[in-house]
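Novice: sequence first, predicted coordinates after that:
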Amino acid sequence: MFIPIIGLLSVVGLYVISNLFVNGAQVIYIAKYMKISPFSKELFFIFGLTILAMYFAINQEFVFQIFHFIIIPLLVYVCYFGLLFKSFKNLIKEIL
């Protein structure tokens with residue numbers, strides 16, 4: 001209906017809005033019926049750390065070498081794993 005008039009922008013907009021609605025409904029359902037909060041202080045810390053790192057990376061003018069594509073992602077993953085190891089360990093203990 002809108003595709004010939006507005007084009008691809010309408011399709012992408014409808015897709016994004018529908019996904020936001022579905023994800024919001026899932027969060028509300030999980031919080032209301034399962035009594036599980038999908039948010040934690042570690043999650044917000046990781047979001048903040050990621051936003052700062054992305055801001056720093058966007059504003060710098062790096063000349064990337066091949067080792068930047070190997071070492072930096074590994075350090076990021078190790079940092080995230082270190083922050084969430086205790087929560088992950090507790091979750092595994094609870095499941096088993």
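Specialist: Thanks, I have it. Numbers count the residues shown, from 1 in each chain.
Novice: buried ones in the longest helix along the chain?
Specialist: Longest among the helix segments of the chain by residue count, using DSSP state H, is helix 68-95. Using 16 or more other Cβ atoms under 10 Å as the test for burial, helix 68-95 gives Leu84. From N, CA and C alone the C-beta is placed, and that goes for glycine too.
Novice: against which helices or strands is it packed?
Specialist: Using 3 or more Cβ pairs under 8 Å, 6 or more residues apart in numbering; DSSP states H and E, the elements in contact with helix 68-95 are helix 41-59.
Novice: pick out the residue nearest the middle of the chain.
Specialist: Phe47 (7.5 Å; Cα atoms, centre = their mean).
Novice: domain map for this structure?
Specialist: 1-38, 39-96 (automatic domain parsing).
Novice: make TSV from those domains and add mean pLDDT to it.
Specialist: Shown next, in TSV, are those (pLDDT from 0 to 100):
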stretch	mean pLDDT
domain 1-38	83
domain 39-96	82
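Novice: and the longest helix of the chain, how far out from the chain's middle?
Specialist: Taking Cα atoms, centre = their mean, to the nearest Å, one finds the center of helix 68-95 at 14 Å from the center of the full chain.
Novice: how about stretch 29-45?
Specialist: 14 Å.
Novice: what about that stretch, start to end distance?
Specialist: End-to-end distance of stretch 29-45 (Cα to Cα, to the nearest Å): 24 Å.
Novice: how about residues contacting that stretch?
Specialist: The contact list for stretch 29-45, computed with Cβ atoms under 8 Å, 6 or more residues apart in numbering, reads Val27, Leu83, Leu84, Ser87.
Novice: list just the nearest of the residues you listed to Val76.
Specialist: Leu83 (10.9 Å; Cβ to Cβ).
Novice: neighbours around Phe45, how many?
Specialist: Neighbour count of Phe45, defined by other Cβ atoms under 10 Å: 12.
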